[in-house]
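>>> model this:
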Amino acid sequence: MVNSADPPVHQRLMKYPAILRIEDVLPELEAFDALIDARSPAEFDEDHIPGAINCPVLDNEERIRVGTLYKEAGAFEAKKVGAAIVARNIAHHLDTQFAAHGRDWKPLVYCWRGGNRSGAMAHILARIGWPVVQLDGGYKEYRRHVLAAMEELPRRFHYRVLCATTGSGKSCLLQALAAEGAQVLDLEQLAAHRGSLLGHLPGTPQPTQKAFESGLWQTLRHFDAAQPVYVESESKKVGNLRVPEVLMEAIRASDCIALTLPMAQRVALLMRDYAHFLAAPQSLNEQLGHLLLQHGREKIARWQGLADADRMEQVVEALLAEHYDPAYLRSIDRNFTRHGQARQLALNGIDEAEFTRAARALLAGNQVK
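Next up is the predicted model:
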């Protein structure tokens, strides 16, 4: 545990590059001027420490080339070829991304296991004179820490769960709560998905499962356990991503807030949020086809016909009344054990002022029980 009176890690260390464990750097992670991920772009895209920048010492193709050479010609030949490539790539980063930094620039460098790739970069940065720290164990140790933390971290908090049928403004209220300074865990934002069959965000791919868990960890670790965390009721999956089991259990056992919004306003909100489907009825109809087993050909054909006729309000209202609302009513009391004692909150509109009013009403009594 780092004493708050201690000087920053860079002032406590005397020799660089220093090699520190994830537990040692986490309390001061934000004190580094840069978190440098020296792995390949493909590894970085799968997941990385939040806030890191990718400065690969081997790109995707180079990593494959060196790995193949290692298997076919042995370690010496692979290291000889790899070292030349690594040197050129580090030189490129020095000429570009690192060129403007002064002598006080404080980077943390890591690779897959804290070995050759990050070691080579850290060595050169230290020889220049920068107070560089290399992460012992690299991304692999970071990932181990995240998995362990997600078994314990979610249990620290008291959640307040916004429960409501689809289109009732849960996400908008979460945004208003965040704007008012509340602690908000927005699972749909972290998952880049609205959490339903039609929830895919156009042009925005979902993160990987590992990156989703990193986002959850990064959010939760900055929360104050003495204050409530607002979250909306979700299923165990948000699009293709799984909510970690411990977090899901904690949310489902927490106090609930039941939102209500008139049907006409719900339709208007969904028309606003899903405008991309309204502009492309064929795309909507393709998604509706996935409900064939649940609703049968006749009903799906009726909904698709309404979409083709540009009668979108009727499509939305039918989907709410015949698909989303029954599914919600079947699951809410079964999965959220305190829903029967939920605080009721009626919304009267879908403009920003109404969600701000509702957020302030909730926060007026936000003490943790």
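>>> For the stretch 51-200 of the chain, which segments count as strands?
53-54, 107-110, 133-135, 159-163, 183-184 (DSSP state E, counting those that start in this stretch).
>>> Same list (those strands) but as CSV, adding mean neighbour count, mean pLDDT and distance to residue 305.
Any C-beta I mention is one placed from the backbone N, CA and C, and that applies to glycine too. Output for the strands of the stretch 51-200 of the chain, formatted as CSV (neighbours: other Cβ atoms under 10 Å; pLDDT from 0 to 100; distance: least, Cβ to Cβ, whole Å):
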stretch, mean neighbour count, mean pLDDT, distance to residue 305
strand 53-54, 14, 98, 48
strand 107-110, 26, 98, 55
strand 133-135, 26, 97, 58
strand 159-163, 22, 97, 33
strand 183-184, 22, 98, 40
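>>> now the ones you listed in JSON lines, with distance to residue 80?
Shown next, in JSON lines, are those (distance: least, Cβ to Cβ, whole Å):
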{"stretch": "strand 53-54", "distance to residue 80": "25"}
{"stretch": "strand 107-110", "distance to residue 80": "23"}
{"stretch": "strand 133-135", "distance to residue 80": "23"}
{"stretch": "strand 159-163", "distance to residue 80": "55"}
{"stretch": "strand 183-184", "distance to residue 80": "52"}
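>>> Among the ones you listed, which comes closest to residue 149?
strand 133-135 (16.1 Å; Cβ to Cβ).
>>> I would like the residues contacting that closest one, please.
The contact list for strand 133-135 (Cβ atoms under 8 Å, 6 or more residues apart in numbering) reads 9-10, 13, 16-22, 25, 32, 106-110, 114, 118-119, 122, 141-142.
>>> mind listing what that strand pairs with, with the direction of each?
strand 18-20 (parallel), strand 107-110 (parallel) (DSSP bridges).
>>> burial count for residue 195?
Neighbours of residue 195 under the rule other Cβ atoms under 10 Å: 20.
>>> CA atoms only for stretch 349-359 - export them in CSV, please.
The C-alpha trace of stretch 349-359 is given here as CSV (Å, rounded to 0.1, in the frame of the first residue of the first chain):
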residue,chain,number,x,y,z
GLY,A,349,-41.5,13.7,-21.3
ILE,A,350,-38.2,13.0,-23.1
ASP,A,351,-36.5,16.3,-23.3
GLU,A,352,-33.3,17.1,-21.4
ALA,A,353,-35.0,19.2,-18.8
GLU,A,354,-37.3,16.3,-17.8
PHE,A,355,-34.4,13.9,-17.3
THR,A,356,-32.5,16.5,-15.3
ARG,A,357,-35.5,17.0,-13.1
ALA,A,358,-35.8,13.2,-12.6
ALA,A,359,-32.1,12.9,-11.8
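>>> shift numbering so it begins at 42
Got it, the first residue is 42 from now on, which makes the last one we talked about stretch 390-400.
>>> wait, residue 359 sits on residue 347?
Yes: under the criterion of Cβ atoms under 8 Å, residue 359 makes contact with residue 347 at 7.1 Å.
>>> who has more neighbours, the two?
For the pair residue 359 and residue 347, the greater number of neighbours falls to residue 347 (22 against 15), based on other Cβ under 10 Å.
>>> which residues does the closest residue to that one other than its chain neighbours contact?
Spatially, and ignoring its direct neighbours in sequence, residue 347 is nearest to residue 356 (4.6 Å; Cβ to Cβ, 6 or more residues apart in numbering). Contact partners of residue 356, counting by Cβ under 8 Å, 6+ apart, are 325, 344, 347-348.
>>> what does residue 243 give?
Listed by Cβ under 8 Å, 6+ apart, the contact set of residue 243 reads residue 317.
>>> Then residue 102?
Residue 102 neighbours (Cβ under 8 Å, 6+ apart): none.
>>> Same check on residue 376?
274, 293.
>>> Right, I'll call it a day here.
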